[in-house]
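can't give you the sequence, but here's the structure:
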Ligand code: ADP
Ligand code: MG
């Protein structure tokens, strides 16, 4: 669908993105933890579910008045409530998204894409991941690139987000043959090869949630 308003996402939709991500994390909690048991310490699903459950409780307690306030609340909650490496990484992602989105009550496609790229930049600043290190970066970076490319080509935000979700899924799958060079999994050296990265898996859920909640009607 196209037309006025179809490519603008309001605070309800942005909050819906967070809620859909929390729902997917809960649904995939055991899978995320199982993936982390193979190459980490078996807590990624537990960490993310704890953090996102706390983030939703914080949003329910007081409705944020701007995109900046919404994502700041989510980011701060994740930093304080999510354990492990993923807490500060996801926390930084959302804090940067909020700072870039600003004190607005809606975002257009390019505005959302700019905020998400700032989130990616925050993850890079925090964790120093590079392409091929077998981390959440390997799903998030292709997703952000696909979102930008789609919008540049004139696609609707929904179509660009669906392309971003497909890119995140492909990036997640591409972590399987990689040898980990960051985080706990890197301690395993060659034994990390052949396993899907848990953080890249949760990022694929984050981008899928964006396509569902922000992609407009008729998606999926
Ligand atoms: P921990 O490894 O501390 O137990 P989690 O299990 O919650 O934390 O999260 C692990 C995920 O964090 C990994 O699968 C990887 O995607 C991501 N990760 C770890 N270190 C880094 C890093 N330096 N940069 C980017 N992502 C990282
Ligand atoms: Mg872990």
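Noted; the coordinates are in hand. Treat the numbers as computed from the prediction; the structure is a model and nothing was measured. Ligands and ions are numbered 1, 2, ... in the order given.

burial count for residue 60?
Counted with other CB atoms under 10 Å, residues neighbouring residue 60 total 10. Heads up, the C-betas are built off the backbone N, CA and C, glycines and all.

Is it in a helix, a strand, or coil?
At residue 60, secondary structure determined by DSSP: H, G, I helix; E, B strand; the rest coil is helix.

The one 4 residues further on too?
Taking three-state DSSP as the rule, one finds residue 64 in the coil state.

Please verify my assumption that it contacts residue 18.
No: contact between residue 64 and residue 18 fails when scored by CB atoms under 8 Å: they sit 10.2 Å apart.

So between the two, which is more surrounded?
Between residue 64 and residue 18, residue 18 has the larger neighbour count (other CB under 10 Å), namely 22 against 19.

Next, give phi and psi for the closest residue to ligand 2 within the chain.
Residue of the chain nearest ligand 2, by CB to the ion: residue 40 (3.8 Å). Main-chain dihedrals, residue 40, degrees, to the nearest 10: phi -150, psi -140.

Grab the nearest non-local neighbour of it.
Spatial nearest neighbour of residue 40, excluding adjacent residues (CB to CB, 6 or more residues apart in numbering): residue 184 at 4.5 Å.

Contacts only, for that neighbour.
39, 40, 41, 85 (CB atoms under 8 Å, 6 or more residues apart in numbering).

swap in residue 197?
So residue 197 contacts 35, 39, 134, 135, 136, 138, 139, 172, 175, 178, 180, 185 (CB under 8 Å, 6+ apart).

Mind doing that once more with 7 Å?
Residues in contact with residue 197 (CB atoms under 7 Å, 6 or more residues apart in numbering) are 134, 135, 138, 175.

ok, back up a step: count of neighbours near the residue of the chain closest to ligand 2?
Counted with other CB under 10 Å, residue 40 comes out at 23.

try the one 3 residues further on
The tally of other residues near residue 43 (other CB under 10 Å) stands at 19.

Make residue 1 into 32 and carry on from there
Got it, first residue is 32 now, which makes that one residue 74.

List the contacts of it.
64, 67, 114, 115.

again, but for residue 128
102, 146, 147, 149, 150.

And residue 161, how far from residue 223?
16 Å (CB to CB, to the nearest Å).

Residue 82 against residue 114, yeah?
No: counting by CB atoms under 7 Å, residue 114 is not a contact partner of residue 82; they are 8.1 Å apart.

Between these two, tell me which one has more neighbours.
Each of residue 82 and residue 114 has its neighbours counted (other CB under 10 Å); residue 82 has more, 25 against 15.
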